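Student: Kindly return the folded structure for what I paste below:
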Amino acid sequence: MHMKKLSLLVLSAVAAFSLQAAETTVWEGSETLDWGTQSAKVAAAKFENIQVGDKIVAYGSQTTGADYNSVKFMEEKEDYSWDSFLDTYLTDGKAEWTPTEAEIAVLKARGLFFAGQNATLTKVVLVSTGEAPDNSVLFSGEWNVSGDATDSKKFSYDELQAAGAGAGSDKTFLVMDVERLSDAGYASFMHEGNANNQWSWEQFENPDITEVDGKVKFKLTADVMSAINTYSKNLIVMVSNMKVKKIYVEKGTGIEAVEANDNAAAEYYTLSGVRVNGDNLGAGIYIKRQGKKAIKIAIK
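Tutor: Next up is the predicted model:
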């Protein structure tokens, strides 16, 4: 009995040591975030050993008396402009981010800093999971876009290929695990560039987008992948009034057709979430929701 207890204690100690060894503090201090200052800067050298599947966890607290906080994982680009890897917030004293392979390359080259509002960071930790990476995952974390705001993420054709999209098919999907923050929540997908402007955002022709049970699925057909692989070779994902937890490529299965979507009465909302009469829409951008499907439409 005593030997069994001793063995359990030794195993527990080894497990605790292994868990501790998997976490590396890359920054520690106390810095209050704001929009215009580079805070909690982490040098590129700190990410020398980061692997796909590892997490970066920022610890801190919300400003006393504030009713919200914002934490942005940021990069300084080669032209000294700033760009956001992830917009999120502190939950239970921490904000987490799992960078993609492309984002890891940026971290190794230029490091990381933070911006935001109503939050003070005290520590940033690199957590090595030791798990084999899931190459189908393009984003994992918390991407929150609420109120009147819209936000976007960009994925290159090469990233989609590496995630398993191939040349596209009727059974290949870009999937987003989402939580709708209002009835006006929507996701929109565009490709970047046209014959006159390689940076413009262009709508796909007849995109197949379905939302069921917290998953938005965009069918990556051969035509869609061909459009992405033209001009700037990027897919743009835009969301509003949604919390996105994961974006990944799924092959071989698809959402079953939801016939109720076609038969349900359509509802129309402004981008700020106000429901309006669909029979008397003025010129502008609206959200059309029918059953469990929501799309953005333009009235001219």
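Student: Could you use CA atoms for every contact and neighbour count after this?
Tutor: Will do.
Student: tell me the contacts of residue 122?
Tutor: 28-31, 58-60 (CA atoms under 8 Å, 6 or more residues apart in numbering).
Student: would TSV of those residues with secondary structure, pLDDT and neighbour count be doable?
Tutor: Output for these, formatted as TSV (DSSP: H, G, I helix; E, B strand; the rest coil; pLDDT from 0 to 100; neighbours: other CA atoms under 10 Å):
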residue	secondary structure	pLDDT	neighbour count
28	strand	97	16
29	strand	97	10
30	strand	97	13
31	strand	97	16
58	strand	97	26
59	strand	98	20
60	strand	97	22
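Student: any idea which of those is closest to residue 176?
Tutor: Distance to residue 176 across these (CA to CA) is lowest for residue 58, with 23.8 Å.
Student: Out of the contacts of residue 122, the closest to residue 231 would be?
Tutor: Distances from residue 231 to the contacts of residue 122, taken by CA to CA, are shortest for residue 58, at 37.0 Å.
Student: got the domain boundaries for the chain?
Tutor: 23-133, 137-300 (automatic domain parsing).
Student: what number of residues lie near residue 205?
Tutor: By other CA atoms under 10 Å, the residues close to residue 205 number 10.
Student: Can you give me the separation between it and residue 174?
Tutor: 16 Å (CA to CA, to the nearest Å).
Student: can you check residue 54 too?
Tutor: Distance, residue 54 to residue 174, by CA to CA: 22 Å.
Student: What of residue 93?
Tutor: 31 Å.
Student: How is residue 74 classified with respect to secondary structure?
Tutor: Secondary structure, DSSP: H, G, I helix; E, B strand; the rest coil: residue 74 is strand.
Student: same thing with residue 107?
Tutor: Going by three-state DSSP: residue 107 is helix.
Student: Please tell me I have it right and it contacts residue 47.
Tutor: Yes. Counting by CA atoms under 8 Å, residue 47 is a contact partner of residue 107 at 6.5 Å.
Student: Between the two, which has more neighbouring residues?
Tutor: Neighbour count, other CA under 10 Å: between residue 107 and residue 47, residue 107 has more, with 23 against 20.
Student: What is the burial count for the spatially closest residue to the more buried one that is not a sequence neighbour?
Tutor: Leaving out its chain neighbours, the residue that sits closest to residue 107 by CA to CA, 6 or more residues apart in numbering is residue 44, at 5.9 Å. Here the number of neighbours of residue 44 (other CA under 10 Å) works out to 15.
Student: likewise residue 84?
Tutor: 14.
Student: One more: the one 10 residues further on?
Tutor: If you count neighbours by other CA under 10 Å, residue 94 ends up with 18.
Student: just residue 282 next, same as before
Tutor: By other CA under 10 Å, 12 other residues sit near residue 282.
Student: Which elements pack onto the helix or strand where residue 227 lies?
Tutor: In this structure, residue 227 is located in helix 222-228 according to DSSP states H and E. Using 3 or more CA pairs under 8 Å, 6 or more residues apart in numbering; DSSP states H and E as the contact test, the elements touching helix 222-228 are strand 186-192.
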